[in-house]
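> Need coordinates for the following:
(2 chains, ligands or ions: 2)
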Amino acid sequence: MFYIFCPYCKEHREEEEFHPRGQAHLLRPEDPENTSDEEWGDYLFFRDNPRGIHHEMWVHSVGCRKFFNITRNTVTYEILETYPMGEQPTITADSPEIRHEQGAQVADGGWQTVGARPENKALNEETSS
Amino acid sequence: MQRYSGFGLVKHAFGHHENWERQWRNPEPKKQYDVIIVGGGGHGLATAYYLAKEFGVRNVAVVEKGWLGGGNTARNTTIVRSNYLWDEAGRLYNHSLDLWKGLSQDLNYNVMFSQRGVLNLGHTLQDMRDIQRRVNANRLNGIDSEVVTPQQVKEIEPELDISNRARYPIMGASWQKSAGVARHDAVAWGFARGADSHGVDLLQNTEVTGFKIRDGKVLGVHTNRGDIEAHTVGCVAAGNSGVLAKMAGIKLPLESHPLQALVSEPLKPILNTVTMSNHVHGYVSQSDKGDLVIGAGIDGYLGYGQRGSYPTIEHTLQAIVEMFPMFSRVRMNRQWGGIVDTCPDACPILSKTKVKGLYFNCGWGTGGFKATPGSGHVFAASLAKGEMHPIAAPFSIDRFHTGALIDEHGAAGVAH
Ligand SMILES: Cc1cc2nc3c(=O)[nH]c(=O)nc-3n(C[C@H](O)[C@H](O)[C@H](O)COP(=O)(O)OP(=O)(O)OC[C@H]3O[C@@H](n4cnc5c(N)ncnc54)[C@H](O)[C@@H]3O)c2cc1C
Ligand SMILES: [Zn+2]
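Residues are numbered from 1 along each chain as shown, chains lettered A, B, ... in the order given. Ligands and ions are numbered 1, 2, ... in the order given. Here you go, the predicted model:
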């Protein structure tokens, strides 16, 4: 169960109060009249699907009902930060610190995982896929 | 290959069943193959089998990072049906259903295909309209399918609660009699044994770590056991397709999500058929061993953890108890997850890519097991001829740029 920090309510709440709404920071083509089918298709349908750091949009659907973003690891399930709409992530796949010391929740510490705990490496290794 | 038969069984009984031949070899990788299939799940193994058997391409390798059939093939809830809405999807899944019927004979391997039928329940007027529309479309495509009333539902599956006391009363269902279940592991093993007997090298514990690409043409793959060459490479890696595509510099419109399943303690025979409900969102059948096989929807967020989340389990069991109140005190034995690659239109991708000779077969999402023989067959035909098979052609990646989507969210069985 995720325990998610809402940057508007400034509180940790259980996963079930929220809805994930897909990849964050997608930009609608600025000049629709002069946008090719290729570019529209890319915008509408093509997504990053990383094993690792991912920036995603969530909505606090039964709380303040506001959208915000989460940086999360899709393999360990750690939530690395949550931040309001319009802001940029401070942690990205290229951040040097995430390689070793994952799990720094900016707002408030603590692991946020589903299933196995991130400190137990053996449990996090996939059996097969 | 030693053929299995009743006589063989008796003969081996005298040797205390200690002298059975291995089902497949465990060869060393060769330097070069005509075709490499990445991914030793049901779809990859079926592709290799039909390539060798039907299209005469025998110098084939299946490269699998773990063990054969250890991915989604071993984790799914084994439902086989073909009642999809659109012509393109109907043709693909029905081609598969036709192959299922003769598969045990063809493979000389009992895949335990059991045509016990599938009910798709409707709980709202809109559900019933959608069901009617889909059944009509099915019949126009020659797919057996009918609309049944709550009373008929009760005759088919007596333990279902069709009363008005339910929070979401059952208003009817679609019923595909020729649908059912099959033994998932046996499907992988049967195709593996068949492919091996036609000379295909099944390379387990071999992970593809990159592609050799020159001048826009694929030349082979890099693996943790060295480089292997081939001018035709077919990727059939389900939840990991996005990761492989990225290695080849290709973007796919896929998102990988965990999908989980549960099995209960074994019960005496109680269910006759497979019952699915998109509305209360759960589905259940009973395995030959007696356990209830239960599933529902994906976790809403991306994930590569083969476990799935707790809220989804709770939601799934709510749906099951809504449909079958008498299961409320059945104990669940085990739970697990697989990684499914979902497509924006809930249909798979069978396609060439911008890299010549590199093909992808992926995006089956939550419902690809039923397609295993059909997918393997048309994908093998495409790889052998260098042209997409007519049944596969509409499932090209191009559709996400031309707009010719095949919107099967309604028939996908599990909302996502
Ligand atoms: C819980 C659950 C329930 C389901 N229920 C149903 C159902 O009832 N009916 C239905 O029709 N479908 C169902 N499905 C979907 C179905 O299981 C899949 O669509 C289907 O199994 C896909 O088969 P596959 O062979 O493509 O994938 P897989 O069986 O996942 O095979 C892919 C293989 O690729 C390998 N691989 C990945 N990356 C690499 C690499 N880099 N190098 C080498 N090998 C690699 C993996 O190890 C894996 O073995 C369900 C899925 C799940 C998870
Ligand atoms: Zn909030």
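
> what secondary structure does B:R334 sit in?
With DSSP: H, G, I helix; E, B strand; the rest coil as the basis, B:R334 sits in strand.

> ok, for it, nearest residue in space, not its chain neighbours?
B:V263 (5.5 Å; Cβ to Cβ, 6 or more residues apart in numbering or on different chains). C-betas here are computed from N, CA, C, even on glycine.

> residues in contact with that neighbour?
B:S287, B:D291, B:L292, B:V293, B:I294, B:M332, B:N333, B:R334 (Cβ atoms under 8 Å, 6 or more residues apart in numbering or on different chains).

> helix or strand for it, which one?
Applying DSSP states H and E as the criterion places B:V263 in strand B:255-266.

> okay, that strand in PDB with CA atoms only?
C-alpha atoms of strand B:255-266 as PDB (Å, rounded to 0.1, in the frame of the first residue of the first chain):
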ATOM      1  CA  GLU B 255       2.700   0.800 -20.600                       C
ATOM      2  CA  SER B 256       3.700  -2.100 -18.400                       C
ATOM      3  CA  HIS B 257       1.500  -2.700 -15.400                       C
ATOM      4  CA  PRO B 258       1.200  -5.500 -12.800                       C
ATOM      5  CA  LEU B 259      -1.800  -7.800 -13.100                       C
ATOM      6  CA  GLN B 260      -2.500 -10.200 -10.400                       C
ATOM      7  CA  ALA B 261      -4.300 -13.400  -9.800                       C
ATOM      8  CA  LEU B 262      -5.300 -15.500  -6.800                       C
ATOM      9  CA  VAL B 263      -6.200 -19.100  -6.200                       C
ATOM     10  CA  SER B 264      -8.300 -20.400  -3.300                       C
ATOM     11  CA  GLU B 265      -8.000 -23.600  -1.400                       C
ATOM     12  CA  PRO B 266      -9.300 -26.500  -3.500                       C
END
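
> Tell me if the helix or strand just after it is near ligand 1.
Downstream of strand B:255-266, the first helix or strand assigned by DSSP H and E is strand B:274-277. No - using Cβ under 6 Å from any ligand atom, strand B:274-277 stays clear of ligand 1, with a minimum separation of 8.2 Å.

> Next, the buried residues of strand B:274-277.
B:V274, B:T275, B:M276, B:S277 (16 or more other Cβ atoms under 10 Å in any protein chain shown).

> swap in stretch B:7-23?
Buried-residue list, stretch B:7-23, by 16+ other Cβ under 10 Å: B:Q23.

> starting at the chain centroid, how far to it?
A distance of 32 Å separates the C-alpha centroid of stretch B:7-23 from that of its chain, computed with Cα atoms, centre = their mean, to the nearest Å.

> Ok, stretch A:84-93 next?
Remark: stretch A:84-93 is offset 10 Å from the chain centroid, using Cα atoms, centre = their mean.

> and if you look at stretch B:352-366?
The answer for stretch B:352-366 is 16 Å, by Cα atoms, centre = their mean.

> who wins for neighbours among the contacts of B:V263?
B:I294 (24 neighbours; other Cβ atoms under 10 Å in any protein chain shown).

> Are the host helix or strand of it and ligand 1 in contact anywhere?
Element membership for B:I294 (DSSP H and E) is strand B:291-298. Yes - on the criterion Cβ under 6 Å from any ligand atom, strand B:291-298 is in touch with ligand 1 at B:G295.

> contact partners of stretch B:141-161?
B:82-83, B:87, B:90-91, B:94, B:117, B:119, B:121, B:128, B:131-132, B:134-135, B:138-139, B:162, B:169-178, B:270-273, B:275, B:322-326.

> Show me where chain A has its helices.
A:37-45, A:121-124 (DSSP state H).

> and the ones you listed, which one is worst for confidence?
Note on the helices of chain A: lowest mean pLDDT is at helix A:121-124, with a mean of 45.

> can you give me the strands for the stretch 51-200 of chain B?
B:60-63, B:79-80, B:118-122, B:146-148, B:172-176, B:180-181 (DSSP state E, counting those that start in this stretch).

> Can you lay out the ones you listed as CSV showing mean pLDDT?
Listed next are the strands of the stretch 51-200 of chain B as CSV, based on pLDDT from 0 to 100:
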stretch, mean pLDDT
strand B:60-63, 98
strand B:79-80, 98
strand B:118-122, 97
strand B:146-148, 98
strand B:172-176, 98
strand B:180-181, 98
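
> okay if I get the ones you listed as CSV plus distance to ligand 2?
CSV is the format used below for those (distance: least, Cβ to the ion, whole Å):
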stretch, distance to ligand 2
strand B:60-63, 47
strand B:79-80, 38
strand B:118-122, 35
strand B:146-148, 44
strand B:172-176, 40
strand B:180-181, 43
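
> closest to ligand 1 out of those?
Ligand 1 lies closest to strand B:79-80 among the strands of the stretch 51-200 of chain B, at 3.3 Å (Cβ to the nearest ligand atom).

> contacts for the closest one?
Against strand B:79-80 from outside (Cβ under 8 Å, 6+ apart): B:96-97, B:100, B:113, B:118, B:179-182, B:274, B:276, B:283, B:285, B:367, B:369-370, B:413.

> strands paired with that strand, and their directions?
strand B:180-181 (antiparallel) (DSSP bridges).

> what residues does the strand it pairs with touch?
Strand B:180-181 has contacts (Cβ under 8 Å, 6+ apart) with B:78-81, B:112-118, B:274, B:285, B:287.

> where are the low-confidence patches of chain A?
A:97-129 (pLDDT under 70).

> Spell out, range by range, the strands that occur in it.
Applying DSSP state E to chain A gives strands spanning A:3-6, A:11-14, A:19-23, A:53-59, A:67-73, A:79-84.

> Sheet partners, orientation included, of the fifth one?
According to DSSP bridges, strand A:67-73 forms sheet pairs with strand A:53-59 (antiparallel), strand A:79-84 (antiparallel).

> List the contacts of B:D407.
Neighbours of B:D407 in contact, by Cβ under 8 Å, 6+ apart: B:W86, B:D345, B:A346, B:C347.

> Residue numbers of chain B in contact with ligand 1?
Near ligand 1, when you scan chain B using Cβ under 6 Å from any ligand atom, you find B:38-44, B:63-66, B:70-73, B:75-79, B:207-208, B:236-238, B:240, B:244, B:259-261, B:295, B:338, B:340, B:364, B:366-370.

> out of those, which are inside helices?
B:G42, B:H43, B:G44, B:L244.

> one step back: any of the contacts of strand B:79-80 buried? List them.
Using 16+ other Cβ under 10 Å, the buried ones in the contacts of strand B:79-80 are B:96-97, B:100, B:113, B:118, B:179-182, B:274, B:276, B:283, B:285, B:367, B:369-370, B:413.

> gap between A:T74 and A:P20?
Shown here: A:T74 relative to A:P20, a distance of 12 Å by Cβ to Cβ, to the nearest Å.

> again with B:Y304
B:Y304 is 15 Å from A:P20, by Cβ to Cβ.

> More neighbours: which of these two?
Neighbours were counted for B:Y304 and for A:P20 using other Cβ under 10 Å; B:Y304 has more, 23 against 18.

> count of residues packed around B:Q126?
Neighbours around B:Q126, by other Cβ under 10 Å: 10.

> again with the one 3 residues further on
Using other Cβ under 10 Å, B:R129 has 11 other residues around it.

> how about the closest residue to chain A within the stretch 1-150 of chain B, phi and psi?
With Cβ to the nearest Cβ as the measure, B:G66 is the residue of the stretch 1-150 of chain B nearest to chain A, at 2.7 Å. B:G66 has phi and psi values of phi -110, psi -120 when expressed as degrees, to the nearest 10.

> so it makes contact with B:N205?
Yes - at 7.2 Å, B:G66 and B:N205 qualify as touching, with contact defined as Cβ atoms under 8 Å.

> Excluding sequence neighbours, find me the nearest residue to the residue nearest the centre of chain B.
In chain B, the residue lying closest to the centroid (Cα atoms, centre = their mean) is B:F369, at 1.4 Å. Distance criterion Cβ to Cβ, 6+ apart; nearest residue to B:F369, sequence neighbours excluded, is B:N76 at 4.5 Å.

> which helix in chain B runs the most residues?
Every helix in chain B considered (DSSP H), the longest is helix B:87-107.

> Next, the angle strand A:19-23 makes with the strand holding B:V263.
140 degrees (axes from the mean of the first three to the mean of the last three Cα atoms, to 10 degrees).
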